[in-house]
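Asker: return a 3D structure for these sequence lines:
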Amino acid sequence: MTELRFIPLYKVRTFSEKLNDTFEFIRQNWRLLLKYLTYMVLPVALVGGLCQDALMKNSFDAVVSNDLDAAFTFLAKMGGYFACYMLAALLATLICYSVMRLYQQRKGDMQDIGWPEMRHEMWVNFKRMFIANLAITFMMMLALGVMVLLSAATMWFLLVTLPAFVAFVLTLTYVVPIYVFEERTLTESIADSMRIASKTMGGIIGVAIVMGILTSILSTFIALPYYIILMVRAAMLSSAESAASNPLVEILGFVFSVFSIMGSLAASMTMIFAMNFQYGHALDKEYGYSVEDDIKEFEEL
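Answerer: This next block holds a predicted model:
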C-alpha cells in the first residue's frame, strides 16, 4: 500500500500547489470528513430539507392563491430553512478546522480518530471561532458605519470608501485561522492578519475567485435534480394538476433538497481548506515555520 504524503499546513506554495494540496488533503481524509458530515450535519440537513421543500411548495401556493396567510407561512418556513442551513454550515466549518488541526498535530496519521478526541477539538475550535467572528463582525460594522457617514456628505466618497472597505475586510481573512491554529491572543491575531493579509492580498483574491467558481459550478450541478423537481411542480400547477397528490414527486423533492444542501456545504468546505492553505503559505512566507521544522528534524537525527 502506498504511503500517503503528509501535507504540512505551513509551507510556501505556488498557486497551483495550493489547489493541488487542497484536493490531495480532501482525498486523504474524505472518509473521516464524510463520517462526521453524516453524523453531525446530515440530521440538520434533513430538517433543513423539509423546510426548504415546504418553502418551495408554499411559494407556489402563495403565488397561485395570493393569500396573506400563505405569505406569512412562507416567511416562517424561510426562517426555519435559514436557521438550519446556518447551523449546518457552522458544523461543517468546525469539522474542517478540527480535521486540519488534528491532521497537523498527528503528522497525517488519522487512522484512529475517535469521537472523544474530535468532540474536544470541535469544542475548543467553536469557542475560538465564535470569539474571532464576533470581533470580525464588530470591526466590519464599525468600518461600514464610518463608510456610510463619510458617504452621507457626498456619494463621490464611495469611490474611495467602498474600495477601502473591501480592502479592510480582506485584511481580516486570516483572523480566524490564526486564532484557531496559533497560540495567540485575539488582538495579536487581528494585528497579524491585517499585516500579513495586506502583503498577500493577491493570493487571497486569486484563491477566492478560482475556488468560488469551482464551488459554484459544483453546487449548481448538485442542486440540478432539485431544480428539475421544482420545474415539474410548476408544470403540474400550471396544468391544474396537484403535485401534492403525487407521492413520487414529494419523496424526490425531499431527497434532492437534502442532497442539494449537503452538496452545497461539501463544496463550501473545499473553499475553507483552500483558504487555510493560503493562510499557511502566508505565515510560512512571513515567519519561516517550515525552515524551523526542518532544523528541528535535522537536530533529532
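Asker: what pLDDT does residue 191 get?
Answerer: Residue 191 is assigned 95 on the pLDDT scale.
Asker: also the one 3 residues further on?
Answerer: The confidence metric pLDDT takes the value 94 at residue 194.
Asker: show me what the helix or strand where it lies is packed against.
Answerer: Element membership of residue 194, judged by DSSP states H and E, is helix 186-199. Helices and strands touching helix 186-199, by 3 or more C-beta pairs under 8 Å, 6 or more residues apart in numbering; DSSP states H and E, are helix 115-153, helix 158-171, helix 175-181, helix 247-287. To be clear about C-beta, it is placed using only N, CA and C from the backbone, and glycine gets the same treatment.
Asker: now the angle from it to helix 158-171?
Answerer: Angle, helix 186-199 to helix 158-171, by axes from the mean of the first three to the mean of the last three C-alpha atoms, to 10 degrees: 120 degrees.
Asker: wait, residue 270 touches residue 211, no?
Answerer: Yes. Counting by C-beta atoms under 8 Å, residue 211 is a contact partner of residue 270 at 6.4 Å.
Asker: those two - which one has more neighbours?
Answerer: Legend: neighbour count by other C-beta atoms under 10 Å for residue 270 and residue 211, higher for residue 211 (22 against 19).
Asker: local confidence estimate at that one?
Answerer: 94.
Asker: elements contacting the helix or strand harbouring it?
Answerer: Assessed by DSSP H and E, residue 211 sits inside helix 201-238. With contacts taken as 3+ C-beta pairs under 8 Å, 6+ apart, helix 201-238 sits against helix 15-36, helix 42-65, helix 158-171, helix 247-287.
Asker: helices or strands next to the last one in the packing?
Answerer: So the one you mean is helix 247-287. In terms of contacts (3+ C-beta pairs under 8 Å, 6+ apart), helix 247-287 is packed against helix 15-36, helix 42-65, helix 68-105, helix 175-181, helix 186-199, helix 201-238.
Asker: next one: the shortest one
Answerer: Applying 3+ C-beta pairs under 8 Å, 6+ apart, one finds that helix 158-171 makes contact with helix 115-153, helix 186-199, helix 201-238.
Asker: of all those, which one is nearest residue 28?
Answerer: Among those, helix 115-153 comes nearest to residue 28, with 16.6 Å by C-beta to C-beta.
Asker: and the angle from the closest one to helix 186-199?
Answerer: Using the same axes, to 10 degrees: helix 115-153 against helix 186-199 is 70 degrees.
Asker: got the angle for helix 115-153 vs helix 15-36?
Answerer: Between helix 115-153 and helix 15-36, the angle formed by their directions is 120 degrees, by the same axes, to 10 degrees.
Asker: i'd like the first residue to be 463 from this point on
Answerer: Will do, 463 is the new start, and the previous item becomes helix 577-615.
Asker: and helix 577-615, what's buried?
Answerer: 580, 583-584, 587-588, 590-591, 594, 597-598, 601, 605, 609, 613 (16 or more other C-beta atoms under 10 Å).
Asker: mind putting the helices and strands packed on helix 620-633 into JSON lines with distance to residue 467?
Answerer: Shown next, in JSON lines, are the helices and strands packed on helix 620-633 (distance: least, C-beta to C-beta, whole Å):
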{"stretch": "helix 577-615", "distance to residue 467": "23"}
{"stretch": "helix 648-661", "distance to residue 467": "26"}
{"stretch": "helix 663-700", "distance to residue 467": "21"}
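Asker: quick one: closest of the helices and strands packed on helix 648-661 to residue 489.
Answerer: Proximity to residue 489 (C-beta to C-beta) singles out helix 709-749 among the helices and strands packed on helix 648-661, at 11.2 Å.
Asker: who touches stretch 470-488?
Answerer: Stretch 470-488 is contacted by residues 467, 469, 495, 562, 565-566, 643, 665, 668-669, 672-673, 731-732, 735-736, 738-743, 745-747, 751-752, 755 when judged by C-beta atoms under 8 Å, 6 or more residues apart in numbering.
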